[in-house]
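Asker: Here is my input, please return the structure:
(one chain, ligands or ions: 3)
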Amino acid sequence: MTQPPLTRGFEVVIGIETHTQLATRSKIFSGASTAFGAAPNCQASAVDLALPGTLPVMNRAAVECAIRFGLAIGAKVAPMSIFARKNYFYPDLPKGYQISQYETPVVQGGAIEFLVGGVPHRVNLTRAHLEEDAGKSIHGEALGAFLAGSDVASHGELTGVDLNRAGTPLLEIVSEPDMRSSVEAAEYAKALHALVVWLGICDGNMQEGSFRCDANVSVRRPGAPYGTRREIKNLNSFRFLQQAIDYEVQWQIDLIEDGGEVRQATVLFDPDRGETRAMRSKEDAHDYRYFPDPDLPPLVIGADWVARVQGELPELPAAMAARFEREYRLPAPDAAALTSSRASAAYFESALAALQAQPTSAAPDAQAAAKLVANWMMGELARRLNAAGSSIDAAPVGPVVLGALLARLRDRAISANGAKQAFDELWGAPPEGDAATAVDAIVAARGLAQMSDTGELERVVEGVVAANPKLVDEVRGGKEKAFNALVGQTMKATRGQADPAQVNQLLRKKIG
Ligand SMILES: Nc1ncnc2c1ncn2[C@@H]1O[C@H](COP(=O)(O)OP(=O)(O)OP(=O)(O)O)[C@@H](O)[C@H]1O
Ligand SMILES: [Mg+2]
Ligand SMILES: [Mg+2]
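Answerer: Ligands and ions are numbered 1, 2, ... in the order given. Here you go, the predicted model:
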């Protein structure tokens, strides 16, 4: 075990609770739609509004998401779990309680594994439980926009309640207090996010609140028992998560060094000021008066259901990364990057297949081909996607086209620089029809072809050597600059169409 890093002599302890919105079509206990963006209160059924006499009915699809998750992280999927009422009063919670799971959650234990700077980390999970989301309170400008044109004039003093989100299925994923730095916390959250999207149980849209983290933070002197935690609520970006923890750690250490004592509290992060601010002193479990919900029977999950879901599970990111290392002989960081999403992994495999489908005169080198595709995906393609703020499934240059382009690079028909120019052109105007034909057309139209006829290049080199006796003498006297000048002249004579490596080689041979 490596020693955890210390901050001003303190060890940082972090546990994360993540509210993952499950990608089901309807709500967890009603048939109302979960689609995002509807006008307020258009997607709230009688159950979501908590009208008297209504009863919740469990959504099978939500349970199936929980099973998928449990199996993917090596947890125990409880054969029987219990729904409980978590009682609190808030305007956006019309029942006065949230249906959640307490003592017996559906997913128990398991772990998330990920790399931090290439070093493997493992964070154990306590549990993951199913629950319903609450509605939303709407204040200020957002409410004003909604009320514009109505006869409610002084909306400045009002708060609106939108119950569209009420009853949306959540899986709350609770980690053990296993993290020791804000960087580790952010990497954990990224790995968890990638996994739930990979499994297809969450759309992962953090702006719309589909994946929200609460960071529980405490500090302690090395070897001391855990300190008191403060909980930073509702962090919806990895950067905010990291910033909020960093600020909170400094705040707690300042307080302790000034002789104060951390008290349990719920705090909010203000991204504009980069600060955390107390929201309320934290409720304890007994404040919620948890008790089993008499409206819902125990949730029973049979072994056959678990076995079926297991059979339908896709190859998981860690297993796929290990396979990429083994099968394609890629370095571990490349394999991890390429398997950051299912779309990226699928792109890689089809680009590689397309590259290898192009005939070549040289002996095929599978490892070199895989590395070439990996380099281009992590370099040129990633750069382009970042600049466009786009995702890989929407890339204008698809895997088959990239494979065809890289085949020309492999065969030295174009230079790396020429390939980049062709890539730019393909990006601007995605080709239709056969990919190789489209690539060759661009290479021809832009004059990107490298001179492939060795005999012809040899004649050019001979000409350059004959015309520059002075430079040749200097090269023989050991002047590298003179050699570069000869390379430059040869490139010029071939209008840049020669392979520089080949020019180098021929010149050395001629000069001796
Ligand atoms: N001393 C501590 N320092 C940092 N994190 C802690 C500490 N003790 C517990 N935690 C973490 O706090 C989180 C507690 O989550 P849990 O859902 O069990 O309870 P809660 O926060 O009281 O409930 P709620 O769901 O109502 O917010 C866990 O992620 C746990 O690892
Ligand atoms: Mg919790
Ligand atoms: Mg909490």
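Asker: remind me, longest strand of this structure?
Answerer: The single longest strand within the chain, with elements called by DSSP state E, is strand 119-132.
Asker: tell me the contacts of the residue in the stretch 301-450 of the chain that ligand 1 sits nearest to?
Answerer: Across the stretch 301-450 of the chain, the shortest distance to ligand 1 (C-beta to the nearest ligand atom) belongs to Ile301, at 21.6 Å. Quick note: C-beta positions are derived from backbone N, CA and C, even for glycine. For Ile301, the set of contacting residues under the criterion of C-beta atoms under 8 Å, 6 or more residues apart in numbering consists of Val63, Ile67, Val77, Ala78, Pro79, Met80, Ser81, Val106.
Asker: Any of those residues buried? List them.
Answerer: Taking 16 or more other C-beta atoms under 10 Å as the criterion, what is buried in the contacts of Ile301 is Val63, Ile67, Val77, Ala78, Ser81, Val106.
Asker: And for Gly398, the neighbour number?
Answerer: Here the neighbour count serves as a burial measure; for Gly398 (other C-beta atoms under 10 Å) it reads 19.
Asker: Quick check: closest non-adjacent residue to it.
Answerer: The spatial neighbour of Gly398 that comes closest, neighbours along the chain excluded (C-beta to C-beta, 6 or more residues apart in numbering), is Pro430 at 7.5 Å.
Asker: Confirm that neighbour sits in a strand?
Answerer: No - the assignment for Pro430 by DSSP: H, G, I helix; E, B strand; the rest coil gives coil, which leaves it out of any strand.
Asker: and which of the contacts of Ile301 is nearest to ligand 1?
Answerer: Sorting the contacts of Ile301 by distance to ligand 1 puts Val106 at the head of the list, at 14.3 Å, by C-beta to the nearest ligand atom.
Asker: where's the closest one relative to Pro314, distance?
Answerer: Between Val106 and Pro314 the distance is 21 Å, computed by C-beta to C-beta, to the nearest Å.
Asker: And the residue of the stretch 1-150 of the chain closest to ligand 1?
Answerer: Counting by C-beta to the nearest ligand atom, the stretch 1-150 of the chain gets nearest ligand 1 through Gly15, at 2.3 Å.
Asker: and that residue, what is it in contact with?
Answerer: For Gly15, the contact set (C-beta under 8 Å, 6+ apart) comprises Val174, Ser175, Glu176, Pro177, Asp178, Met179, Asn216, Arg229.
Asker: From these, keep the buried residues only.
Answerer: For the contacts of Gly15, burial is judged from neighbour counts taken by 16+ other C-beta under 10 Å, and it is met by Val174, Ser175, Pro177, Asp178, Met179, Asn216, Arg229.
Asker: just checking: which of those residues also lie near ligand 1?
Answerer: Filtering the buried ones among the contacts of Gly15 for neighbours of ligand 1 using C-beta under 6 Å from any ligand atom leaves Val174, Ser175, Pro177, Asn216, Arg229.
Asker: Dump the helix or strand of the chain with the lowest mean pLDDT to PDB, restricted to CA.
Answerer: Considering only helices and strands, the least confidently modelled element of the chain by mean pLDDT, DSSP states H and E is helix 140-147, at a mean of 79. Listed in PDB are the C-alpha atoms of helix 140-147, where the atom choice follows Å, rounded to 0.1, in the frame of the first residue of the first chain:
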ATOM      1  CA  GLY A 140     -36.900  33.900 -10.000                       C
ATOM      2  CA  GLU A 141     -36.200  34.300 -13.700                       C
ATOM      3  CA  ALA A 142     -37.100  30.700 -14.600                       C
ATOM      4  CA  LEU A 143     -40.500  31.100 -13.000                       C
ATOM      5  CA  GLY A 144     -40.900  34.600 -14.600                       C
ATOM      6  CA  ALA A 145     -40.300  33.000 -18.000                       C
ATOM      7  CA  PHE A 146     -43.000  30.500 -17.400                       C
ATOM      8  CA  LEU A 147     -45.500  33.000 -16.000                       C
END
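Asker: That helix: what's the following helix or strand?
Answerer: Past helix 140-147, heading to the C-terminal end, the next element that is a helix or strand (DSSP states H and E) is strand 160-162.
Asker: Show the contacting residues for the residue nearest to Gly398.
Answerer: Pro396, Val397, Gly398, Val401.
Asker: Of those residues, just the buried ones, PyMOL syntax please.
Answerer: Buried members of the contacts of Pro430, identified by 16+ other C-beta under 10 Å, are gathered into one PyMOL selection as follows:
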select buried, resi 397+398+401
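Asker: who in the stretch 151-300 of the chain is up against ligand 1?
Answerer: For the stretch 151-300 of the chain, the residues found near ligand 1 under the criterion C-beta under 6 Å from any ligand atom are Val174, Ser175, Glu176, Pro177, Asn216, Val217, Ser218, Tyr226, Gly227, Arg229, Glu231.
Asker: Helix, strand or coil: sort out the last one for me.
Answerer: When states are read from three-state DSSP, the local structure at Glu231 comes out as strand.
Asker: Use 15 as the first number from now on
Answerer: Yes, from this point I'll number from 15; that puts the last item at Glu245.
Asker: Just to check, it is in contact with Asn230?
Answerer: Yes - applying C-beta atoms under 8 Å as the test, Glu245 and Asn230 come out as touching, 4.9 Å apart.
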